[in-house]
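**Student:** sharing a sequence plus its predicted fold:
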Amino acid sequence: MSLNIRYEIDDQTGDDHRAGTLECWTNEGLFSAENFTPPLLDDHDYTVRVAVELYGGGLTPWSSAQRISAIEQEITALWLQDNGATAYIGWTLADPSIAPPIDLQLQINGSDWIDLPNDGGTTYYPLDARQFAALTGNAYLGQTVTLRARARLIDAQDWLESDEITSPGSNGLARVLFGWSLSGSGLMLSYARPPNTSASVWLSIDGGAPFQFSPSYPAGKHWLTYPDWRVRIPPGTLDGQSHDLQFRIRETANGQTAELWSLTGPLTIDPLPVLTAPSVHAVEWVITQGVLYARVTFKPIPSNASLTVSLQLDGGSIATQTLSAGQNTALFPVTDDDRGYRLARITAQARDTTGAESPAIVHAALLYRGYPQPMPIPAFNVQLLRQGDDVTPDRVRLTWTPVPGQLAELFATYTPGTDYRKTTIYPLGYVDSSQDTVTLDNTRAHFPKTGQPLRITYGIRPYDLIAGYGVPTVADPIQIRAENPEATPPPPDANTAQRWNDEDLLTALEPILTAAFPTVPPTLRMLLAAQTLSAFKDRIKAVVATGGRITLQDFGIFAAHWKSSRVGKTLTYTERGIDFTPSPGFRAGVKDGTVLTDAEAEETP
């Protein structure tokens, strides 16, 4: 039994288009180029679609177009191209419509050939730094390499080799994608994590087995600093010696993991310093929003250090808090008991951002329950019953609402002007809870004696023998006329002071000179006196100005002296000054209000 098969053939490389019918038996269905009339042409590429003639007429649906060819497939050209940061291998095929898998290999620096996986479907094989590191096991990090590729279609064919290219180690295929360096703030890694990829950081020291340095590397971080890097490595390497470090990043994408290595570099790894142990400043009970806390306050610690604090009360459970850098107060919720005290055991340790730690300290304290502050007086008022004058004292009445069982202190305040820093508080006495009013006379005796009205504020503040004073309650200020200032008796020699200049002195000397030199004309006497006084003063100044001294009997000593002065903290200089020391007679005469010679002063008992 035979079937008639209609076909339509389209020439993809020429004009040999045709259509016709083939007769075949049901147990065959294989056709070659010679089965067509005329036969299909060599080196032409065709597509064909078919339909079967049905008995009784009609056709089955046409099939999809399928390729048939007489072209022998082979690799016709191969090349290797350097694109700086990347490279690619390209090839051409005799039949470009189909890209079958090929054998593809890469040679680096003339070494053994490395197989490159190829599943077909393309005539292009890209190479980037990550692929290159995975292919070579990071063997050529940072090195300039020469590359050559070769390819073949099937084992029976010869290899076709590309020309050789060179890729620089600084920015080529072997460039370092993962680096590290030591900065002032810690150890810094440089790496860009690809999208949809997870990454972990590993470290090998002195060629040893790598260990995990960090379980993850965040996305979007091209540089990441680890201040605490010395805490992440084995303690035995913190020996102050130089070690060779090589970091590795393990990238995982689509279930596949690959490693990128850094260059190996030396690093001297010093031990971590020991921080100063924290010191407890105070342990106390406080109430915040109705909740009882034990507050532990520490003396200031370095700003880059955190504190881990633990509190144990009466040997019970231990509560722990970590205070961030800059904090020095820990609050622990606690409960009270009937004893009114708790035995507290506090442990604390400081740790800075590099991982350095202080010795752990243990502090024991007996924590007494805080006494509540006395309740404020609910209401307080003042009434001026009588203004004081020179004869009658002032009188005020103070009234308030007492708190049962609580003492209170009455007081008054006065502020000169508006400077409240100069406010003075004047205690007026204590009252107990059985009193709610008191009348006071002559309160102005406490206030400054200015004779003027003063703005006085009266108040009351609760008082407890243990807890101390509470919040005061005050009334509106009232005017109290102050007492007049007390009169100060004048000194015995009041209004006797005189101020003389040269003319006054010469006028006082004129009668003395006239009596001594009656024949000398007055004008000449005064001229001689003025010249004598001027020469006298000039002589004193000249002697003292050159560092000397002049002693005037029964008067005193004019003398130069040297003193050191300071500028800033360290710079000093020396300068000359002048002193006047009155004579014994001068000093004693001033004290007694008379004129004495030195001899008379010595004779005075």
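**Tutor:** Received, thanks. Numbers count the residues shown, from 1 in each chain.
**Student:** tell me the SS of the residue lying farthest from the centre of the chain?
**Tutor:** Largest separation from the mean C-alpha position in the chain: Thr519, at 95.9 Å (C-alpha atoms, centre = their mean). Secondary structure, DSSP: H, G, I helix; E, B strand; the rest coil: Thr519 is coil.
**Student:** pLDDT score for it?
**Tutor:** Listed pLDDT for Thr519 reads 85.
**Student:** now it: how far from Met526?
**Tutor:** According to C-beta to C-beta, to the nearest Å, Thr519 and Met526 sit 15 Å apart. The way it works is simple: take the backbone N, C-alpha and C, and place the C-beta from them, glycine included.
**Student:** what do you get for Gly179?
**Tutor:** 102 Å.
**Student:** now do Asp352
**Tutor:** 89 Å.
**Student:** again with Pro404
**Tutor:** 93 Å.
**Student:** what does stretch 515-526 rub up against?
**Tutor:** 506, 510, 513-514, 528 (C-beta atoms under 8 Å, 6 or more residues apart in numbering).
**Student:** restricted to helices, list the residues you listed.
**Tutor:** Those of these mapping onto helices are 506, 510, 513-514, 528, per DSSP state H.
**Student:** can you flag the buried ones in those?
**Tutor:** 506, 513 (16 or more other C-beta atoms under 10 Å).
**Student:** now tabulate the ones in helices among the contacts of stretch 515-526 in CSV and tack on pLDDT and distance to Asp441.
**Tutor:** Listed next are the ones in helices among the contacts of stretch 515-526 as CSV, based on pLDDT from 0 to 100; distance: C-beta to C-beta, whole Å:
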residue, pLDDT, distance to Asp441
Leu506, 81, 65
Glu510, 83, 66
Leu513, 82, 70
Thr514, 84, 71
Leu528, 85, 75
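**Student:** now flag whichever of the ones in helices among the contacts of stretch 515-526 is closest to Phe555.
**Tutor:** Distance to Phe555, by C-beta to C-beta, is smallest for Leu506 among these, at 18.4 Å.
**Student:** the closest one: what's it in contact with?
**Tutor:** So Leu506 contacts 526, 529-530, 533 (C-beta under 8 Å, 6+ apart).
**Student:** nearest to Glu357, of the residues you listed?
**Tutor:** Leu533 (84.6 Å).
**Student:** that closest one against Glu503, yeah?
**Tutor:** No - at 10.3 Å, Leu533 does not count as touching Glu503 under the criterion of C-beta atoms under 8 Å.
**Student:** quick one: which of the two has more around it?
**Tutor:** Neighbours per residue (other C-beta atoms under 10 Å) separate Leu533 from Glu503, with Leu533 holding more: 14 against 9.
**Student:** ok, the more buried one to Met526 distance?
**Tutor:** Taking C-beta to C-beta, one finds Leu533 at 11 Å from Met526.
**Student:** how long is stretch 194-209 from one end to the other?
**Tutor:** From its first residue to its last, stretch 194-209 covers 26 Å (C-alpha to C-alpha, to the nearest Å).
**Student:** buried set for it?
**Tutor:** Buried residues in stretch 194-209, defined by neighbour count with 16+ other C-beta under 10 Å: 199-205.
**Student:** contacts for the helix or strand of the chain with the lowest mean pLDDT next, please.
**Tutor:** Ranked by mean pLDDT, DSSP states H and E, the weakest helix or strand in the chain is strand 66-69, scoring a mean of 73. Residues outside strand 66-69 that contact it (C-beta under 8 Å, 6+ apart) are 12, 40, 44-49, 95, 97-98.
**Student:** dump those into CSV; add pLDDT, distance to Tyr341 and secondary structure as well.
**Tutor:** As requested, those are arranged in CSV below (pLDDT from 0 to 100; distance: C-beta to C-beta, whole Å; DSSP: H, G, I helix; E, B strand; the rest coil):
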residue, pLDDT, distance to Tyr341, secondary structure
Gln12, 79, 101, coil
Leu40, 78, 109, coil
His44, 77, 107, coil
Asp45, 77, 101, strand
Tyr46, 80, 104, strand
Thr47, 84, 100, strand
Val48, 87, 103, strand
Arg49, 90, 101, strand
Asp95, 76, 97, coil
Ser97, 73, 95, coil
Ile98, 75, 93, coil
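**Student:** just say helix, strand or coil for Glu600.
**Tutor:** With three-state DSSP as the basis, Glu600 sits in helix.
**Student:** wait, isn't it in contact with Phe586?
**Tutor:** No - with contact defined as C-beta under 8 Å, Glu600 does not count as touching Phe586 (11.2 Å).
**Student:** out of those two, name the residue with the larger neighbour count.
**Tutor:** More crowded of Glu600 and Phe586, by other C-beta under 10 Å: Phe586, with 19 against 15.
**Student:** host element of Gln373?
**Tutor:** When secondary structure is defined by DSSP states H and E, Gln373 falls outside every helix and strand.
**Student:** that one touches Arg461, doesn't it?
**Tutor:** No - between Gln373 and Arg461 there is no contact under C-beta under 8 Å: 10.9 Å.
**Student:** can you work out which residues contact both of those two?
**Tutor:** Common neighbours of Gln373 and Arg461 (criterion: C-beta under 8 Å, 6+ apart): 470-471.
**Student:** out of these two, which sits in the busier spot?
**Tutor:** Between Gln373 and Arg461, counted using other C-beta under 10 Å, the more crowded position is Arg461 (20 against 13).
**Student:** got the contact list for the residue nearest to that one when sequence neighbours are not counted?
**Tutor:** In this structure, Arg461 finds its nearest non-sequential neighbour in Pro472, 3.7 Å apart by C-beta to C-beta, 6 or more residues apart in numbering. Neighbouring residues of Pro472 by C-beta under 8 Å, 6+ apart: 376, 411, 459-461.
**Student:** make TSV out of these and add distance to Thr252 and secondary structure.
**Tutor:** Output for the contacts of Pro472, formatted as TSV (distance: C-beta to C-beta, whole Å; DSSP: H, G, I helix; E, B strand; the rest coil):
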residue	distance to Thr252	secondary structure
Pro376	68	coil
Phe411	77	strand
Gly459	75	strand
Ile460	76	strand
Arg461	72	strand
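**Student:** report the two of those separated the most.
**Tutor:** Applying C-beta to C-beta across the contacts of Pro472, the maximum distance is between Pro376 and Phe411, 14.3 Å.
**Student:** related to what we said a few turns ago, give me the buried subset of the contacts of Leu506.
**Tutor:** 526, 529.
**Student:** Lys299: which of the contacts of Leu506 is nearest?
**Tutor:** When the contacts of Leu506 are compared against Lys299 (criterion: C-beta to C-beta), the nearest one is Leu533, at 71.0 Å.
**Student:** the closest one belongs to a helix?
**Tutor:** Yes - under three-state DSSP, Leu533 sits within a helix.
**Student:** could you find the closest non-adjacent residue to it?
**Tutor:** That would be Asp502: by C-beta to C-beta, 6+ apart, it lies 6.3 Å from Leu533.
**Student:** strands of the stretch 351-500 of the chain, start to end?
**Tutor:** In the stretch 351-500 of the chain, the strands defined using DSSP state E, counting those that start in this stretch lie at 361-368, 380-386, 395-400, 407-414, 424-431, 437-441, 453-464, 468-469, 473-474, 478-481.
**Student:** and those, which one averages the lowest pLDDT?
**Tutor:** Taking the mean pLDDT of these, strand 468-469 comes last: a mean of 83.
**Student:** which ones are touching the spatially closest residue to Arg232 that is not a sequence neighbour?
**Tutor:** Sequence neighbours aside, Phe213 is the residue nearest to Arg232 in space, at 5.4 Å (criterion: C-beta to C-beta, 6+ apart). The contact partners of Phe213, by C-beta under 8 Å, 6+ apart, come to 201-203, 229, 232-233, 247.
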